[in-house]
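Novice: Everything below, folded, please.
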Amino acid sequence: MTTIDPTVFVLDDDAESRNSLVQLLSSSDFTVKAFESPTRFLQEVSADQPGCLVLDLCMPEMNGTEVQRHMIERGQVMPTVIVTAYGTVQTTVLAMKQGAMDVIEKPYDPNVMVKCVHGLLAIANRRVADETADEAIRRKFERLTPREREVFEQMVKGQSSKETALNLGICFRTAQLHRERVFRKLEIESPVELVSIASAVSRATVSH
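Specialist: Purely as a prediction, here's the structure:
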């Protein structure tokens, strides 16, 4: 899987506000890409691209909460901060319900914005690391034969070699051999690791 460095995406239709924010974030050594159009942002930024979003709430083409809704519909999970000069309690609550990590009012303190973006990128970086780890586990899991996957499922349920043999209709020694191969192919040593691997396989499978 190709790793892409997380980017700070800025979506604001007001040129002065957008350029000021880009200058601030770029001077803080962030990788920044700005958009004035929600449609262009949704078209050009893929759902799986890592990064965070600084999203203006009030835009004529599509407001911030509508952008969030489109992102949710296509499975785009991106740490987001809403920026607004005209926020209401209702829109703020909706933005937070739809996944915004914070809402910052204009005019904002530049230090507050930079600190907020640092936090959003920390979350984005953790997600990239988690996804990379899950993908590595999925590749190991794909080494297992169909029978070994059945044995793996029995092991996750806490079944012993004897119970696995009875449940799958195979002999005890065959069950033991399959268990040994599962441990070797997944590169694990303890049955305790099986549950976390099963969860990672499930997450990686869903993402594909």
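
Novice: Report the helix or strand with the lowest average pLDDT across the protein.
Specialist: When each helix and strand of the chain is scored by mean pLDDT, DSSP states H and E, helix 193-207 comes last, with a mean of 76.

Novice: How far off centre is it?
Specialist: Mean C-alpha position of helix 193-207 versus that of the full chain (CA atoms, centre = their mean, to the nearest Å) differs by 14 Å.

Novice: where does Q90 sit relative to V83, distance-wise?
Specialist: Counting by CB to CB, to the nearest Å, the gap from Q90 to V83 is 17 Å. No exception for glycine: its C-beta is placed from N, CA and C like everyone else's.

Novice: which of those two has more neighbours?
Specialist: V83 (24 against 9; other CB atoms under 10 Å).

Novice: wait, the more buried one sits on Y108?
Specialist: Yes - checked against CB atoms under 8 Å, the pair V83 and Y108 is within contact range at 6.9 Å.

Novice: now the longest helix along the chain against helix 193-207, angle please.
Specialist: With DSSP state H setting the assignment, residue counts place helix 110-141 as the longest helix in the chain. If you take axes from the mean of the first three to the mean of the last three CA atoms, to 10 degrees, helix 110-141 sits at 110 degrees to helix 193-207.

Novice: If you count neighbours, what's buried in helix 110-141?
Specialist: By neighbour count with 16 or more other CB atoms under 10 Å, helix 110-141 contains the buried residues 113, 116-117, 120-121, 124-125, 127-128, 131, 134, 137-138, 141.

Novice: could these be laid out in JSON lines, adding distance to L57 and pLDDT?
Specialist: Supplementary listing: the buried residues of helix 110-141 in JSON lines, determined by distance: CB to CB, whole Å; pLDDT from 0 to 100:
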{"residue": "M113", "distance to L57": "15", "pLDDT": "96"}
{"residue": "C116", "distance to L57": "15", "pLDDT": "95"}
{"residue": "V117", "distance to L57": "17", "pLDDT": "96"}
{"residue": "L120", "distance to L57": "16", "pLDDT": "95"}
{"residue": "L121", "distance to L57": "21", "pLDDT": "93"}
{"residue": "A124", "distance to L57": "21", "pLDDT": "89"}
{"residue": "N125", "distance to L57": "26", "pLDDT": "88"}
{"residue": "R127", "distance to L57": "24", "pLDDT": "82"}
{"residue": "V128", "distance to L57": "27", "pLDDT": "79"}
{"residue": "E131", "distance to L57": "29", "pLDDT": "78"}
{"residue": "D134", "distance to L57": "33", "pLDDT": "82"}
{"residue": "I137", "distance to L57": "39", "pLDDT": "87"}
{"residue": "R138", "distance to L57": "38", "pLDDT": "86"}
{"residue": "F141", "distance to L57": "43", "pLDDT": "91"}
